[in-house]
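Asker: Provided below for reference: sequence and predicted model.
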Amino acid sequence: MSNLSLIETARDFNRFYTNFLGLLNKAYLDTPFTLTDARILFEIGSHGGISAVALARDLQLDPAYLSRILKRFRAEGLIETNRDPADLRSQVIIVTDQGRETFEELGRRSNAQIAARFDRLATGEPEAAVSAMHTIRALLDPAAKPAPAIIRAHRAGDIGWIVQSQGRFYAEEYGWDLRFEALVAEVAGKFLANFDPAKEYCWIAERGGINVGSVLVTNGGDGIAKLRLLYVDKSARGLGLGKLLVDECIHFSRQKGYRELSLWTNDMLETARAIYVKAGFRLVSEERHKMFGPEANGQNWVLDL
């Protein structure tokens with residue numbers, strides 16, 4: 001796509017999104033306020049006190065234009081000013097009780113507007129939209145901080161996500177055919193059907209409400225735990241999630257009294273293999289195969305617990 005096409009596509013999306021949120025309506029969210037009014041009130045209310053200079057700078061507003069809006073807010077009883085305790089020569093703007101009620105009502109209406117839009121989407125689509133928003137923010141806003149990742153137990157829908165995400169990833173990255181997705185579905189399905197919380201566990205890595213990683217520990221019998229289906233999404237690489245997930249498996253397996261933790265992988269998965277080596281796993285066997293189409297080298301690793 002040419003630069004001109006990229007620019008036209010970006011402008012087209014901007015037009016769509018402003019209409020989507022009703023940002024051009026004079027009465028924003030069916031209130032007497034414009035979008036600019038609402039944003040200014042939000043900044044004042046969320047800061048708990050801010051100067052006019054800081055407001056103009058942060059929102060990139062003309063100071064004279066901002067001054068007129070603040071004057072109207074003051075007349076309507078939405079804001080008041082107090083001396084800045086850190087600099088008695090300056091004043092900070094704060095919301096009044098009435099202003100806070102208005103600020104919170106705008107928030108409720110905005111939440112309801114987005115919720116109504118998301119309710120029209122299919123399962124998984126709101127998460128996909130928010131993930132795309134995170135990507136746009138990260139690429140275009142140098143000051144944007146990435147959402148922190150959390151590790152949690154699996155819940156309804158997560159096992160299906162494991163099958164879908166890994167089936168797609170290995171097909172796109174390595175050209176593996178549907179037999180690999182079938183294997184993942186078999187492993188994941190058996191985990192759910194026979195789940196024993198006393199000896200088995202599934203960890204999900206989540207970032208900004210989006211699943212970005214997973215791993216299972218299953219009971220292999222005879223005191224052997226199996227580490228299965230380790231995966232970290234491309235959007236979350238470099239955060240140390242792979243190591244964190246493996247560490248959780250090792251800690252859990254030791255805590256549950258297993259004598260050994262084993263896994264099967266392929267040698268082209270160099271990042272994962274490096275994690276295993278660093279954690280103390282040792283290679284016990286390997287064999288060439290064409291289980292999923294292209295030739296690969298399968299490997300069995302074990303960790304004595």
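Answerer: Arrived safely. Numbering: from 1, shown residues only.
Asker: when you work out contacts or count neighbours from here on, use the C-alpha atoms and nothing else.
Answerer: Fine.
Asker: for the closest residue to residue 285 other than its chain neighbours, helix, strand, or coil?
Answerer: Spatial nearest neighbour of residue 285, excluding adjacent residues (C-alpha to C-alpha, 6 or more residues apart in numbering): residue 300 at 5.3 Å. Three-state call for residue 300 (DSSP: H, G, I helix; E, B strand; the rest coil): strand.
Asker: what is the burial count for residue 300?
Answerer: By other C-alpha atoms under 10 Å, 16 other residues sit near residue 300.
Asker: go on, residue 131?
Answerer: Residue 131, neighbours per other C-alpha under 10 Å, totals 18.
Asker: where does it sit, in terms of helix or strand?
Answerer: helix 125-140 (DSSP states H and E).
Asker: hmm, back to that, who does the residue nearest to residue 285 form a beta bridge with?
Answerer: residue 264, residue 285 (DSSP bridges).
Asker: surely it touches residue 264?
Answerer: Yes: Residue 300 lies in contact with residue 264 (C-alpha atoms under 8 Å); the separation is 4.6 Å.
Asker: can you tell me how far residue 37 sits from residue 61?
Answerer: Between residue 37 and residue 61 the computed distance is 12 Å (C-alpha to C-alpha, to the nearest Å).
Asker: helix or strand next in line after the helix-or-strand element of the chain with minimal mean pLDDT, which one?
Answerer: The helix or strand of the chain with the poorest confidence is strand 87-95; it has a mean of 77 (mean pLDDT, DSSP states H and E). Tracing the chain past strand 87-95, the next element assigned as helix or strand by DSSP H and E is helix 97-119.
Asker: rounded mean pLDDT for that next one, please.
Answerer: Regarding helix 97-119, the rounded mean pLDDT is 91.
Asker: what residues sit buried inside it?
Answerer: 99, 100, 102, 103, 104, 106 (16 or more other C-alpha atoms under 10 Å).
Asker: which residues are contacting it?
Answerer: 29, 38, 41, 42, 45, 77, 78, 79, 126 (C-alpha atoms under 8 Å, 6 or more residues apart in numbering).
Asker: before we move on, what about stretch 14-27?
Answerer: 28, 29, 32, 33, 34, 35.
Asker: I'd like the contacts of helix 97-119 laid out as TSV, including secondary structure and pLDDT.
Answerer: Shown next, in TSV, are the contacts of helix 97-119 (DSSP: H, G, I helix; E, B strand; the rest coil; pLDDT from 0 to 100):
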residue	secondary structure	pLDDT
29	helix	85
38	helix	89
41	helix	91
42	helix	89
45	helix	88
77	coil	93
78	coil	92
79	strand	91
126	helix	88
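Asker: farthest-separated two in those residues?
Answerer: By the measure C-alpha to C-alpha, 77 and 126 form the most distant pair in these, at 37.8 Å.
Asker: who's more crowded, these two?
Answerer: Higher neighbour count among residue 77 and residue 126: residue 126, with 18 against 13, using other C-alpha under 10 Å.
Asker: list the residues that contact the more buried one.
Answerer: Contacts of residue 126 (C-alpha under 8 Å, 6+ apart): residue 118.
Asker: in stretch 162-176, what's buried?
Answerer: Result for stretch 162-176 [16+ other C-alpha under 10 Å]: buried residues 162, 163, 165, 166, 167, 168, 169, 170, 176.
Asker: any idea how far residue 267 is from the second one?
Answerer: Spelled out, that is residue 163. When distance is defined by C-alpha to C-alpha, residue 163 is 21 Å away from residue 267.
Asker: next: the first one.
Answerer: Using C-alpha to C-alpha, residue 162 is found at 21 Å from residue 267.
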